[in-house]
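*Asks:* Show me the folded form of this:
(2 chains)
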Amino acid sequence: MTTSTSPIPPTPGHVVRTRWLLGIAVVAMLALAVLALVTMNLPAWSRVQSGLERNLVPLLRGFVNPAWHVFELASTSMLETMFMAVIGTTIGGILAFPLSFLAAGNLLGGSRLALPGKGLLVGVRTFPEILLAIIFVAAAGPGPTAGIMAMGIHSVGFLGKIFSDVIEGIDAGPNEAIRAAGGNALHVFMFSVVPQVLPEFASNLLYRFEINLRAAAVLGLVGAGGIGLPLIQRLQFRRWDEVSMFLLVIVTFIIVVDTLSSSVRRRLV
Amino acid sequence: MAPPDPAAVPRGGSFASRLLNWSTWAVLAGLFVVSLRQTGFDVEALTSGTQDFVRFFGRLVPDWTALPQIWRPLLETLQIAYLATLMGTLLGLPLIFLASYNTTINGPIMWLARSVLTVLRSIPDLLYAAILAPILAPGPLPGVVALTVFTMAVLAKLASETVESIDPGPLEALRAVGAGRNRVIVYGVLPQIAATMTSFVLYIFEINVRASVVIGYVGAGGVGFLLLRYLNFFDWGGVAALIVVIFAVVLLIDLLSVWARSRLI
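*Replies:* Okay, the predicted model is just below:
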């Protein structure tokens, strides 16, 4: 026996190369993070420490012993918040429905024809909805209407994209069958496209509703209605026990709605 | 061609699923009507207010002399989003594996990890920022912490679903040769989820950029503070310039991220 080398074969070249690239990427990312931390305007530690003592401790104490006298206010505001999310989601869905067909290449007869529709949806989606809400509050005054409009418009961008993806994924067989039996474009739409996309549309509407409920809970922070307004007032006056009660109501409500909504979604599709 | 088997032809789902489908739509329609009444959402006021609205947007002519003021807060916004995504990913990593049934330590710990994640995820990012701003002193620090917590919760949820759907073969092979949990995760799980996870991190970075643009409005650093100031001083030129810059930056980052994600998977 003359061959007495290690039983493990040498690491292949491309793996070594990938490891080096990965290492360089990690070092670069950490260096960028350190650079950001150094140039950022961070407060002195003593300032943070006193803030934690004066504010975090009362907030945490509030979770153990929440201010029940604001429970009713918190729950009715949260209910109003949910109603805002319902309207915002519905408006978004109604506007997204026709738009999604203009952004679906398979029904327009060519993916290039869908580009204007897709571009429009990307443009709408780009604006953060809170930014839209801030602008609408400045334009039309504070209140739930500004928040609902912001939610509705942002939802159009999101739902339009998902809806058009759903439409592009449908089975073309039924369309052809209806055309072969003498049906026109309207028949194809009514009896093939709509039945195929409807369950997916409903599921995604519910999903968007879950997102919008979270969004609606913070719209009030910028004056656009819902539970955020009474909450930010209590934050400004450092009423931490009442803030804790609001947080408990928001978290419980959102978890319950999420659970219900996702169990319906699982059965729909 | 053989005629299709009649039993294989789809018939629009079972009666129960159709009933569920239609009752969902009915419930949604009912909720919509109740909501319109309860919130006082006024369509008439909306149409009569259109003139004010148009006049308002007519005033939004960008004043580009505001640009030198914008760059620094804009950089801070991007730094907040970057730091939060990076730290949230690192802190979220152990949580991913604790919350997945095939890599967790035991049942109660998995349940605990999942519950914590559910609660953390139910609080919107802007709300974290609004609560942390008075606690941690206004500035970029509460913004970074708020988005870090948010990143951690969302990433751990998304990624643990991926971990639970991976191929168990490599994991079994590693266990068979005596690897412990950490080695199984490093050599069996991570290679399988790396591409999907990178894609999730990029997606969350997009969300964080959008959030970091507005958290300044509640005192958590970045360009949102500038927006608040311009609005308070009725500096419409500044507001318009800021909106254009934010739109361009968010769109650019989105397009880059979507392109990178499409290359990954």
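
*Asks:* check contacts around the nearest residue to residue A:56 once chain neighbours are set aside.
*Replies:* Leaving aside its chain neighbours, residue A:56 sits nearest to residue B:135 (5.2 Å; criterion: CB to CB, 6 or more residues apart in numbering or on different chains). C-beta here means a position set from N, CA and C on the backbone, and glycine is covered the same way. Contact analysis of residue B:135 by CB atoms under 8 Å, 6 or more residues apart in numbering or on different chains lists A:51, A:52, A:55, A:56, A:59, B:142.

*Asks:* again with residue A:102
*Replies:* Residue A:102 makes contact with A:108, A:114, A:116, A:117, according to CB under 8 Å, 6+ apart.

*Asks:* Need the max-distance pair from those residues.
*Replies:* Every pair in those was compared (CB to CB); the two farthest apart turn out to be A:108 and A:116, at 10.1 Å.

*Asks:* can you list the residues of the stretch 101-250 of chain A near chain B?
*Replies:* Residues of the stretch 101-250 of chain A found near chain B (CB under 8 Å from any CB of the partner chain) are A:122-123, A:126-128, A:130-131, A:134-135, A:138-140, A:144-145, A:148-149, A:195, A:198-199, A:202, A:205-206, A:214-215, A:217-218, A:221-222, A:225, A:228, A:231-232, A:235, A:238, A:243, A:247, A:250.

*Asks:* I'd like the average pLDDT over the helix or strand hosting residue B:253.
*Replies:* Counting by DSSP states H and E, the element that carries residue B:253 is helix B:236-264. Mean pLDDT, computed over helix B:236-264, is 91.

*Asks:* need the helices for the stretch 151-265 of chain B, in chain order.
*Replies:* B:169-176, B:181-184, B:190-214, B:224-232, B:236-264 (DSSP state H, counting those that start in this stretch).

*Asks:* Now render the ones you listed as CSV, adding mean neighbour count and distance to chain A.
*Replies:* As requested, those are exported to CSV (neighbours: other CB atoms under 10 Å in any protein chain shown; distance: least, CB to the nearest CB, whole Å):
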stretch, mean neighbour count, distance to chain A
helix B:169-176, 14, 16
helix B:181-184, 14, 16
helix B:190-214, 21, 4
helix B:224-232, 20, 6
helix B:236-264, 17, 5
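
*Asks:* pLDDT averaged over stretch B:112-129, what's the number?
*Replies:* The average pLDDT within stretch B:112-129 is 93.

*Asks:* now do stretch A:83-93
*Replies:* For stretch A:83-93, the mean pLDDT works out to 92.

*Asks:* And residue B:104, its phi and psi?
*Replies:* With angles defined as degrees, to the nearest 10, residue B:104 sits at phi -80, psi 170.

*Asks:* contacting residues for the nearest residue to it once chain neighbours are set aside?
*Replies:* Spatial nearest neighbour of residue B:104, excluding adjacent residues (CB to CB, 6+ apart): residue B:110 at 4.0 Å. Applying CB under 8 Å, 6+ apart to residue B:110 gives the contacts B:98, B:99, B:100, B:101, B:104.

*Asks:* run the last query once more with 10 Å
*Replies:* By CB atoms under 10 Å, 6 or more residues apart in numbering or on different chains, the contact list for residue B:110 reads B:97, B:98, B:99, B:100, B:101, B:103, B:104, B:160.

*Asks:* residue ranges of the helices in the stretch 151-269 of chain A, please?
*Replies:* Secondary structure of the stretch 151-269 of chain A, counting by DSSP H, counting those that start in this stretch: helices at A:173-180, A:185-188, A:194-219, A:228-236, A:240-268.

*Asks:* Just say which of these is most tucked in.
*Replies:* Neighbour counts (mean count of other CB atoms under 10 Å in any protein chain shown) averaged over each of the helices of the stretch 151-269 of chain A peak at helix A:194-219, with a mean of 22.

*Asks:* Show the secondary-structure elements that that helix is packed against.
*Replies:* helix A:71-102, helix A:129-140, helix A:144-168, helix A:173-180, helix A:228-236, helix A:240-268, helix B:15-39, helix B:125-135 (3 or more CB pairs under 10 Å, 6 or more residues apart in numbering or on different chains; DSSP states H and E).

*Asks:* change it to 6 Å
*Replies:* Contacts defined by 3 or more CB pairs under 6 Å, 6 or more residues apart in numbering or on different chains; DSSP states H and E place helix A:194-219 against helix A:71-102, helix A:144-168, helix A:240-268.

*Asks:* want to throw those into a markdown table with distance to residue B:173?
*Replies:* Converted to a markdown table, these look like this (distance: least, CB to CB, whole Å):
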| stretch | distance to residue B:173 |
| --- | --- |
| helix A:71-102 | 45 |
| helix A:144-168 | 37 |
| helix A:240-268 | 33 |
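
*Asks:* closest one to residue B:182 among those?
*Replies:* Nearest to residue B:182, of all the helices and strands packed on helix A:194-219, is helix A:240-268, at 32.0 Å by CB to CB.

*Asks:* distance of residue A:97 from chain B?
*Replies:* Going from residue A:97 to chain B by CB to the nearest CB, to the nearest Å gives 13 Å.

*Asks:* That'll do, ta.
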